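Undergrad: what follows is a predicted protein model with its sequence.
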Amino acid sequence: MCRFTFYYGPPLPIASLVTEPENSLINQSHNAREREEPLNGDGFGVVWYPGGDVVEPGRFRALTPAWNNANLLSLARVVKSSCVLAHVRAATQVRAISEANCHPFVVGRHAFMHNGDLGGFDTLRRRLVEQLSDRAFASIEGQTDSEHLFALFLDELERVGDRGDSIEGLRDAVFATIARALELSARHAPGHDSYLNIAVTDGVRAVVTRFTTDTSYDGETLYWNSGKRYVCEGGACRMIEADPAGRAIIFSSERLSTDPGWEAVPRNSALLVDADRRARVVPIDVAGLRAAA
């Protein structure tokens, strides 16, 4: 399984997430603390939103391990953003190691990343592709279950129409994506569990999920922390007290630091983050999703 971090708040250097914290994403790429296998060295990616009139994000991906990429270290030190997604990959169902398979995935102003597995993907992949619109199908460049989930999301985003510009519309598109994925898995690969920790954003609002169909396991780890500002000073990173005027929020597969405030995202829950950078937790009803599908 992979590791990821998502930040939304006052602009900060990408290094404050990727390199500086005690348990930075680079540390998680070679020494993950909450995975059986500590290595996540099958490539990485970073997405950042420049702000202002530029609504589509920038992206840097590479096949080299995150801990051994000088370009990432240089870029992270100088690029600042108020919305950052970063991901280190551990290939699971798909053996191919290619840049196209590295998260986050981007289409237009939307960015998407995933930690987990879509149960039975190798078996159901063809059936999934048959359901896609031409636009969603054309967005797929690699072979991962994650990118195919993103394609399902793009179709669901089209279905919600103008509501996609609201947090409720984004939520509905994500939940419908999970519903369709579960229906495909149940129909074409019964007996396979799915693990769907997903983060998707348009740079203004976001939906982040911790979800699994495995009744014997709580799912891949995911934590969140919110406050006034996230700061890294002298190698120590922490979240400053909450303040609505400059609110910041972080989601990460593992806690980035030992400062207080980190909370585990509940199993089978979604956090909805609107433009005010406040998150609210809502349950993901598995039975309801299956009924909807």
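TA: In hand now; what should we look at?
Undergrad: element containing Ser185, please.
TA: Using DSSP states H and E, Ser185 maps to helix 167-188.
Undergrad: what helices or strands is that helix leaning on?
TA: helix 121-131, helix 145-160, strand 195-201, strand 206-210, strand 269-273, helix 286-292 (3 or more CB pairs under 8 Å, 6 or more residues apart in numbering; DSSP states H and E). For the C-beta atoms, the positions are set from N, CA and C on the backbone; glycine is no exception.
Undergrad: report the rounded mean pLDDT for the first one.
TA: When pLDDT is averaged over helix 121-131, the result is 96.
Undergrad: who touches it?
TA: 93-94, 118, 137, 140, 145, 148, 151-152, 155, 180-181, 184-185, 187-189, 192 (CB atoms under 8 Å, 6 or more residues apart in numbering).
Undergrad: now that helix - C-alpha only, PDB.
TA: Coordinates of each C-alpha in helix 121-131 appear next as PDB, following Å, rounded to 0.1, in the frame of the first residue of the first chain:
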ATOM      1  CA  PHE A 121      -9.300  -5.200 -10.200                       C
ATOM      2  CA  ASP A 122      -7.500  -7.500 -12.700                       C
ATOM      3  CA  THR A 123     -10.700  -9.400 -13.100                       C
ATOM      4  CA  LEU A 124     -13.100  -6.500 -13.400                       C
ATOM      5  CA  ARG A 125     -10.900  -3.900 -15.200                       C
ATOM      6  CA  ARG A 126     -12.400  -4.600 -18.700                       C
ATOM      7  CA  ARG A 127     -16.000  -4.300 -17.300                       C
ATOM      8  CA  LEU A 128     -15.100  -1.000 -15.600                       C
ATOM      9  CA  VAL A 129     -13.700   0.400 -18.800                       C
ATOM     10  CA  GLU A 130     -16.800  -0.600 -20.800                       C
ATOM     11  CA  GLN A 131     -18.800   1.700 -18.500                       C
END
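Undergrad: could you pull out the helices for the chain?
TA: For the chain, the helices defined by DSSP state H cover 15-18, 25-31, 70-78, 121-131, 134-138, 145-160, 167-188, 286-292.
Undergrad: between the ones you listed, which gets nearest to Trp224?
TA: The closest of the helices of the chain to Trp224 is helix 15-18. By CB to CB, the value is 13.6 Å.
Undergrad: quick one: low-confidence parts of the stretch 51-200 of the chain?
TA: Where the stretch 51-200 of the chain drops to pLDDT under 70, the residues are 66, 90-97.
Undergrad: now with 80, please.
TA: 63-69, 89-98 (pLDDT under 80).
Undergrad: Ala230 - how many residues pack around it?
TA: Not quite, residue 230 is Tyr, not Ala. By the measure other CB atoms under 10 Å, the count of residues near Tyr230 is 25.
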